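Participant: all I have is the shape, not the residue letters:
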């Protein structure tokens with residue numbers, strides 16, 4: 001079975017407030033993007049890596065790929081779009097020229113990807129066309145209206161926090177993306193299968209699988225990396 005990975009690195013990172021793409025910011029001595037690329041490059045399950053990034057960052061990303069020896073991503077840096085949906089579709093369209101059996105989609109801003117997450121989400125494709133990594137919601141969640149008045153308290157026992165990787169049988173996710181016309185834009189990839197009534201399996205990941213989104217996240221991630229090193 002052939003497996004490709006799409007690493008989504010085309011976000012503007014407005015909440016980070018940085019002058020550069022947040023996945024190019026340093027984290028414990030190397031760019032945030034390098035961490036998930038190294039994990040995917042080491043994985044025996046992944047055959048090919050496509051990195052989707054902003055057009056203005058393409059040369060920097062290509063240099064990074066060479067610097068960190070990401071052999072599986074050689075020459076496959078793809079310009080992204082205005083929305084995450086557009087960027088993932090761009091990656092899928094590149095892969096469609098030589099389609100893999102399955103595809104793993106990973107946020108570049110999640111540096112704590114592990115081999116068990118890769119393995120478990122891919123193994124779940126034997127039973128369903130899609131699988132997502134996530135963790136059960138720890139906190140009580142309130143639903144509010146436009147005035148921020150609370151209108152409901154969902155039962156958290158059925159709520160999960162969604163992460164990446166998200167994995168799919170390639171034909172299923174390609175058809176789902178090509179068949180969808182936003183807006184609204186989906187906030188994750190699995191939603192496209194959900195809209196079509198197809199099964200998506202939830203896979204337990206880790207509460208440590210954080211996403212670098214705001215300035216406060218960088219020192220937290222550095223502390224986690226230091227603890228792992230120790």
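Facilitator: Perfect, I can see it now. Worth saying up front: this structure is predicted, and the values here are computed from it rather than measured. Numbering: from 1, shown residues only.
Participant: max-length strand in this structure?
Facilitator: As assigned by DSSP state E, the longest strand anywhere in the chain is strand 160-169.
Participant: that one packs against which elements?
Facilitator: Where contact means 3 or more C-beta pairs under 8 Å, 6 or more residues apart in numbering; DSSP states H and E, strand 160-169 is packed against strand 102-107, helix 115-123, strand 130-136, helix 190-195. For the C-beta atoms, the positions are set from N, CA and C on the backbone; glycine is no exception.
Participant: for the second one, buried residues please.
Facilitator: I take that to be helix 115-123. 117, 118, 120, 121, 122 (16 or more other C-beta atoms under 10 Å).
Participant: relative to residue 146, how far out is the fourth one?
Facilitator: By that I understand residue 121. 36 Å (C-beta to C-beta, to the nearest Å).
Participant: check residue 208 too.
Facilitator: Taking C-beta to C-beta, one finds residue 208 at 35 Å from residue 146.
Participant: more neighbours, these two?
Facilitator: Comparing residue 208 with residue 146 by other C-beta atoms under 10 Å, the one with more neighbours is residue 208, at 12 against 5.
Participant: figure out the helix or strand that the more buried one lives in.
Facilitator: Using DSSP states H and E, residue 208 sits in no helix or strand.
Participant: pull the contacting residues for it.
Facilitator: By C-beta atoms under 8 Å, 6 or more residues apart in numbering, the residues touching residue 208 are 112, 224.
Participant: mind doing that once more with 10 Å?
Facilitator: Residues in contact with residue 208 (C-beta atoms under 10 Å, 6 or more residues apart in numbering) are 112, 114, 135, 221, 224, 227, 228.
Participant: tell me which of these fall in strands.
Facilitator: Those of those lying in strands (DSSP E): residue 135.
Participant: most neighbours, which of the contacts of residue 208?
Facilitator: Most surrounded of the contacts of residue 208: other C-beta under 10 Å gives residue 221, at 22 neighbours.
Participant: quick check: closest non-adjacent residue to that residue.
Facilitator: Nearest residue to residue 221, sequence neighbours excluded (C-beta to C-beta, 6 or more residues apart in numbering): residue 27, at 5.8 Å.
Participant: how many other residues sit next to residue 142?
Facilitator: When counting by other C-beta under 10 Å, one arrives at 12 neighbours for residue 142.
Participant: how much space separates it from residue 179?
Facilitator: Applying C-beta to C-beta, the value for residue 142 to residue 179 is 34 Å.
Participant: what sits opposite the closest residue to residue 194 other than its chain neighbours in the beta ladder?
Facilitator: Among residues not flanking residue 194 along the chain, residue 200 sits closest, at 6.1 Å (C-beta to C-beta, 6+ apart). Counting by DSSP bridges, residue 200 is bridged to residue 130.
Participant: who are the contact partners of residue 200?
Facilitator: Residue 200 sits next to 124, 128-132, 166, 168, 188-194 when contact means C-beta under 10 Å, 6+ apart.
Participant: strands along the protein, start to end?
Facilitator: Under DSSP E, the chain gives strands at 3-9, 26-27, 30-31, 48-53, 77-79, 102-107, 130-136, 143-144, 150-152, 160-169, 200-204.
Participant: so residue 74 sits against residue 68, correct?
Facilitator: No - counting by C-beta atoms under 10 Å, residue 74 does not reach residue 68; the two are 11.9 Å apart.
Participant: contacts for the helix or strand bottoming out on mean pLDDT in the chain next, please.
Facilitator: Lowest by mean pLDDT, DSSP states H and E among the helices and strands of the chain is helix 217-229, with a mean of 88. Residues outside helix 217-229 that contact it (C-beta under 10 Å, 6+ apart): 15-16, 18, 22, 25-29, 32, 35, 109-112, 208, 210-212, 214.
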